[in-house]
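Colleague: Mind looking at a prediction? Sequence and model below.
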Amino acid sequence: MAYDYLFKIIFVGDACVGKTALTERLSKQKYSPYYHATIGIDFSAVTVDVKDDTIKTHIWDTAGQECFASIIQTYYRGIAGAAVIFDVTDRRSFEKVPFWLDEIKRNGHPTHMPVLMLVGNKIYKRKRVIFHDEIQTFAKDNNMLYCETSAKENININVFYQTLIEKIYNTADLINPDETKGIRRGFVNHNKIIIKENNDCATFECCNIV
């Protein structure tokens, strides 16, 4: 399939927060109620349309167990965007978000910070323990987009991913794509003129849909 650009995306977060479930909703339009722990890294490809361009994205779905940390380290390099995922019913998974942010910064490109999306998953559950004000404050303080999702009930799956990809598209230098920053030119429309529009939406509010 022809595409204009390729963006490399990584999903990180603790085990059992729903990284693989979100990936499968995006890539296969399906949900499995059975949990299978990711061993190291899984790979999926998802295509997104932004304006007149077709963006092919590679999603690296990472294991949440710390025993795989050394394997995952190399995958933080050359990424255009990162989704840091937690479970809104599990406070420990939210408290680990700074750890994942540090891993992205420590192992990534020294002069490039990918677009960051904070994703609060499993909003279908009743026993929520992390609430909007706390999450929005954290997202604002760390220059992150924020969205809440449910892979099980298919809530905001395409919304959060489209928002992440559009943010990359609107802020990256697409005239001079750089693989070290997670962007590669595709196979069509190489000579088109790229016109960027300013995104006036506050970063932490762009995807605050519940």
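Modeller: Received it, and whenever you're ready, just let me know what you need.
Colleague: Within its sheet, name the partner strands of the helix or strand hosting T54 and how each one runs.
Modeller: Assigned by DSSP states H and E, T54 belongs to strand 53-62. With DSSP bridges as the test, strand 53-62 is paired with strand 5-12 (parallel), strand 41-50 (antiparallel).
Colleague: Let me see the ranges of the helices in the chain.
Modeller: For the chain, the helices defined by DSSP state H cover 19-28, 69-72, 91-95, 97-107, 132-141, 157-171.
Colleague: In JSON lines, list those helices along with mean neighbour count and distance to G120.
Modeller: C-betas here are computed from N, CA, C, even on glycine. Output for the helices of the chain, formatted as JSON lines (neighbours: other C-beta atoms under 10 Å; distance: least, C-beta to C-beta, whole Å):
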{"stretch": "helix 19-28", "mean neighbour count": "21", "distance to G120": "11"}
{"stretch": "helix 69-72", "mean neighbour count": "14", "distance to G120": "22"}
{"stretch": "helix 91-95", "mean neighbour count": "16", "distance to G120": "8"}
{"stretch": "helix 97-107", "mean neighbour count": "16", "distance to G120": "10"}
{"stretch": "helix 132-141", "mean neighbour count": "15", "distance to G120": "6"}
{"stretch": "helix 157-171", "mean neighbour count": "21", "distance to G120": "10"}
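Colleague: can you list contacts of the strand holding T54?
Modeller: Outside of strand 53-62, the residues within contact range by C-beta atoms under 8 Å, 6 or more residues apart in numbering are 1-12, 19-20, 23, 26-27, 38, 40-49, 68, 72, 75, 79, 165, 169, 186, 188-189.
Colleague: Could you tell me which ranges of the protein sit under the pLDDT cut-off?
Modeller: Within the chain, the stretches with pLDDT under 70 are 34-40, 63-72, 188-210.
Colleague: What are the neighbouring residues in contact with the residue most central in space within the chain?
Modeller: The residue lying closest to the centre of the chain (C-alpha atoms, centre = their mean) is A83, at 2.6 Å. Residues counted as contacts of A83 (C-beta under 8 Å, 6+ apart) are I9, I10, F11, V12, L22, M117, V119, F160, Y161, L164.
Colleague: The first one touches V84, doesn't it?
Modeller: No. With the criterion set as C-beta atoms under 8 Å, I9 and V84 do not qualify as a contacting pair; they are 11.7 Å apart.
Colleague: Okay, and the beta partners of I55?
Modeller: Y5, V48.
Colleague: Let me fix that, I meant to ask about G120.
Modeller: Beta-bridge partners for G120, by DSSP bridges, are F86, E148.
Colleague: tally of neighbours for it?
Modeller: Each residue near G120 was counted by other C-beta atoms under 10 Å, and the total is 27.
Colleague: That one and L145: what is the separation?
Modeller: Counting by C-beta to C-beta, to the nearest Å, the gap from G120 to L145 is 12 Å.
Colleague: Tell me which residues touch K105, please.
Modeller: K105 is in contact with M113, counting by C-beta under 8 Å, 6+ apart.
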